[in-house]
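In: Quick one, structure for this:
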Amino acid sequence: MTSAGEPMSAPDLASGRPLLVFDGDCGFCTTSARAGQRWLRLPHVEPWQFLDLDEVGVTEESCTSAVQWVDAGGTVASAEHAVIAALRYAGGVWKVLGVVLAAPGIRTVAGVLYRSVARNRYRLPGGTAACRLPRS
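Out: Predicted coordinates:
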């Protein structure tokens, strides 16, 4: 949110810095996003509930089902692709990990693991019933 308490909009993101968007109603997601912000030194990490989603270029449905990465150009990556993009952005050893995770075969495994964690996030430390994904 902005200092005035208004939702963050696209002009606020015009700084050229990417944005990691997570589900702020989920304790597991909030803990994970804040750890990512701290360890990876990500400049913008916000719960989707505090954003103007249309201006950011994501939907509520996408944000409740997976973490979103919006790069400085507005390109959106979701789920494991968002994690890989954040790792690459962080640089150093994190970038190496992102490159490894993006490799064919490994990326497939990363996707399976990501979806498994996402489906079961309400069972993980910090998770609550609010973390449960809608059944599809």
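In: What are the buried residues along stretch 66-80?
Out: 66-70, 76-80 (16 or more other C-beta atoms under 10 Å). (C-beta placed from N, C-alpha, C; glycine too.)
In: what is residue 78 paired to in the beta sheet?
Out: residue 68 (DSSP bridges).
In: Check the contact between it and residue 66; I expect there is one.
Out: Yes: between residue 78 and residue 66 there is a contact under C-beta atoms under 8 Å: 4.8 Å.
In: which stretches of this structure form strands?
Out: Under the criterion DSSP state E, the chain contains strands at 19-22, 44-47, 68-70, 76-78.
In: Which among these is found nearest to residue 120?
Out: Proximity to residue 120 (C-beta to C-beta) singles out strand 19-22 among the strands of the chain, at 16.4 Å.
In: Could you export the strands of the chain as a markdown table, including mean pLDDT and distance to residue 84?
Out: Output for the strands of the chain, formatted as a markdown table (pLDDT from 0 to 100; distance: least, C-beta to C-beta, whole Å):
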| stretch | mean pLDDT | distance to residue 84 |
| --- | --- | --- |
| strand 19-22 | 95 | 12 |
| strand 44-47 | 94 | 16 |
| strand 68-70 | 97 | 9 |
| strand 76-78 | 97 | 7 |
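In: Nice, that's everything, thank you.
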